[in-house]
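Student: got a predicted model here, sequence first, then my questions.
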Amino acid sequence: MTLRIRIAVRGAVQGVGFRPFVYRLASELRLAGWVRNSPLGVFIEAEGEKSLLDQFVMRLEREKPVHARIQSLEFSFLDPLGFAGFEIRASSGEGDSAALVLPDIATCAECLREIFDPAERRYRYPFTNCTHCGPRFSIIESLPYDRGNTSMKAFALCERCRREYEDPTDRRFHAQPIACPACGPQLELWDAAGRAVARRDEALLETAAAIRAGKIAAVKGLGGFHLIADARNDDAVARLRARKRREEKPLALMFPDIAAVRRACEVSELEERLLRAPEAPIVLLERREVAGIDPVAPSVAPGNPCLGVMLPYTPLHHLLMRELGFPVVATSGNLSDEPICIDEHEALERLRSIADLYLVHDRPIVRQVDDSVVRVVLGRELMLRRARGYAPLPWNLGKALPAILAVGGHLKNAVAWTRGGNVFLSQHIGDLESGEAFAAFRRVIDDLVRLHDVRPAHVAVDMHPDYISAKYARSLGLPLLAVQHHHAHVAACAAENELSGRVLGVSWDGTGYGPDGTIWGGEFLLADEDSFRRIAHWRCFRLPGGERAVKEPRRAAVGLLYEMLGERAFEPPLPAPLAACTAAERMLFRRMLAGAIHSPLTSSAGRLFDAVASLAGIRQTNAYEGQAAMELEFAVPRDPPADRYPFRIAGSGPGGEAAGAWVLDWEPMMRDILRDLQRGTSPGIVAARFHNTLAAAIVEVARLAGEERVVLSGGCFQNSYLTRRAVECLEAAGFRPYRHQRIPPNDGGIALGQACVAAAALEKG
């Protein structure tokens, strides 16, 4: 019996060779009909015997292209219309946009072979791609995903590319960014004044020679510019640091191949898979300890046992790295705290004080997309920065959601929006501390409105009244839903792990606005989708100078010592934090703390890390965010002790004391830390015992709360040792810990949590 089947496929099914795959499968089964893209997804109609149509549906899901992600596949059977043959129809522009935009995908093996094969017509062509690889998110201007809706529309296809594009048996069939040396984008090398000095392959070769000679090159890549320098050359790296105003923060590296990575770093099987994956993120790897051998300059990541490593992921990078044959620094093309440059003329202006030369091309970048950053913890990937390769793929919550825009936090900003049953999380935007960053934030929001045809009815914001993101949200004139910072962290992790109902959320970070007006950051929340109760937190102490304590860990330590010892904290012998201060600074801090002047209270676990790092003499001032806490983690020895310090839990818990929460008192721990340091115990042993104590505290609160499911979120859980110890201790005690994988535990995941909380609150009215 002949029937017609109508199929609607939604998900990441545009730009991945899905229509050519459908065409080939239908032809193999001798079905008649058509397939086309639309803003709503991919639509298919096919006619044939019922048994063949059943087989067709099953194989669509089972044999889909490797990069396709089907979120829903709906079909119904209808009367046949008498189609003749099977065809790929022109895309439809009708309907609300619900199709998923695919992230940019690293160069596939087949394209890579062509690039380095002299017999191929795309030999050494830096913009080679096919349906399995190449730019997507960074070039799309509107949906549906067709060439005319991308920044490739200005490049008319030559006859040979046109034949490939129209041939259903070719892997470039309907590859929208298809190009070749005859008809596609081209390279150009500019000097420091913006004058073109070389074109095409000569431009690449001269850039490689300049990098080899110690110059700093600004290279226009996929989602923005990289600043590239010889990672072996300490002078070149130091010059790049000075010009970029990035004193000590580690710089990302690109290696020519996996063998070169193995010479510098320990690489597990999962880490190698991540390096080679289509997403091609930066992966944090542990350095190899080989006497007398260091493939990278000490100034690349001073004092850091890890390196941030990636492999080439575009033809341009492959060609450049093959020419160089050694690791390079490949850091974002910007000044510190500014968004990445995406336009060559903008780069010439903003990077003129950094770059010696500019390798550019004429394919426009539609939107900035930084490199993603991941690390492996307990055999799972942990996303630290979500951007290229991952954004803007959504999380499906399995139910219809109200139209919400979530504007995220202040640091590591990303925004989120809801559409149907999906929550989309934007690419990493960055810290909203400059005019350029705020402009980028606004562009991303305007971009999502245009690209996804989003019309939010509500805006979810952080409770902090002074966040720039919240101020912008208020200017939109839409109803606002304020979501507490740490509740958003917990909700993001719960959503990622597909948890519903009540959980114990352990939400630890540096700063979050508390409803009581204090700075939260060491929180235990009994939370569900739309509400929470603060059942425990770390004991509060004052931060002299407020936000300045973020950059000066010694201030956190002085505030903690004063909370514990009062005026005696300033009596000799002075501990390391006070010894690092001048007499005038000590007098100022004493006055501030005694009068509670510009010294807000905090329960922050992040500031506890800073205080211990300061007390142990590891770091008194930060050159970049979180440096003291990171170096405290790095101090933990390879074979750490299992013992811990004591702590107290005060109060009778929620409802039992005025504050309605248990208070974890760090004072017994701090007194033992001071004794250990006076006895000459190494900072590494102190660091290990401190981390072990925090993990034990999580288990103890979980026991008191009686909640089996424990969600770990917040910036403190970027710390590999803390996360590992917490998970192991919770599992040993019979609890079920949940942690982040594809969503950052830091503020890069806040917007997802805001959207989930706001949606649940609206659903409950």
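Tutor: Cool, got the structure. Nothing here was measured: the structure is a model prediction, and the numbers come from that model. Residues are numbered from 1 along each chain as shown.

Student: and the closest residue to Pro295 other than its chain neighbours, how many residues sit next to it?
Tutor: With sequence-adjacent residues excluded and distances taken as C-beta to C-beta, 6 or more residues apart in numbering, Pro295 is closest to Ala264, at 4.4 Å. The C-beta positions use only the backbone N, C-alpha and C, and glycine is treated the same way. Number of residues near Ala264 (other C-beta atoms under 10 Å) recorded here: 21.

Student: residues in contact with Ala264?
Tutor: Phe255, Arg287, Arg288, Pro295, Val296, Leu307, Val309, Pro327 (C-beta atoms under 8 Å, 6 or more residues apart in numbering).

Student: which of those residues are buried?
Tutor: Neighbour-count burial (16 or more other C-beta atoms under 10 Å) is assigned, among those, to Phe255, Arg287, Arg288, Pro295, Val296, Leu307, Val309, Pro327.

Student: sort those by pLDDT and name the bottom one.
Tutor: Across those, the smallest pLDDT goes to Pro295, namely 87.

Student: residues in contact with Phe255?
Tutor: Counting by C-beta under 8 Å, 6+ apart, Phe255 makes contact with Val261, Ala264, Val309, Met310, Leu311, Met321, Pro327.

Student: from Pro327, how far out is it?
Tutor: Counting by C-beta to C-beta, to the nearest Å, the gap from Phe255 to Pro327 is 5 Å.

Student: how about Glu286?
Tutor: From Glu286 to Pro327 the distance is 16 Å (C-beta to C-beta).

Student: got a list of what the residue nearest to Pro312 when sequence neighbours are not counted touches?
Tutor: Distances taken as C-beta to C-beta, 6+ apart put His318 closest to Pro312, at 4.3 Å, once the chain neighbours are dropped. Counting by C-beta under 8 Å, 6+ apart, His318 touches Thr107, Leu112, Ile115, Pro312.

Student: now do the SS call for His318.
Tutor: Three-state assignment for His318 (DSSP: H, G, I helix; E, B strand; the rest coil): helix.

Student: in this protein, what helix or strand scores lowest on average pLDDT?
Tutor: strand 69-78 (a mean of 77; mean pLDDT, DSSP states H and E).

Student: so where's the stretch 651-765 of the chain uncertain?
Tutor: The stretch 651-765 of the chain contains residues with pLDDT under 70 at 655-659.

Student: tell me where it has strands.
Tutor: With strands called from DSSP state E, counting those that start in this stretch, the stretch 651-765 of the chain shows them at 662-665, 709-713, 736-738.

Student: deepest-packed of these, please.
Tutor: The highest mean neighbour count among the strands of the stretch 651-765 of the chain, using mean count of other C-beta atoms under 10 Å, belongs to strand 709-713: a mean of 25.

Student: quick one on the thing from earlier: the least confident helix or strand of the chain pairs with which strands, parallel or anti?
Tutor: Sheet pairing for strand 69-78, assigned by DSSP bridges, gives strand 2-12 (antiparallel).

Student: just to revisit the earlier point, to Pro577, which of the strands of the stretch 651-765 of the chain lies closest?
Tutor: Among those, the nearest to Pro577 by C-beta to C-beta is strand 662-665 (20.2 Å).

Student: report the longest helix in the chain, please.
Tutor: Looking across the chain with DSSP state H, the single longest helix is helix 683-705.

Student: now do that one: distance to the chain's middle.
Tutor: Relative to its chain's centre, helix 683-705 lies at 27 Å (C-alpha atoms, centre = their mean, to the nearest Å).

Student: what residues of it count as buried?
Tutor: Across helix 683-705, burial judged by 16+ other C-beta under 10 Å covers 683-702, 704-705.
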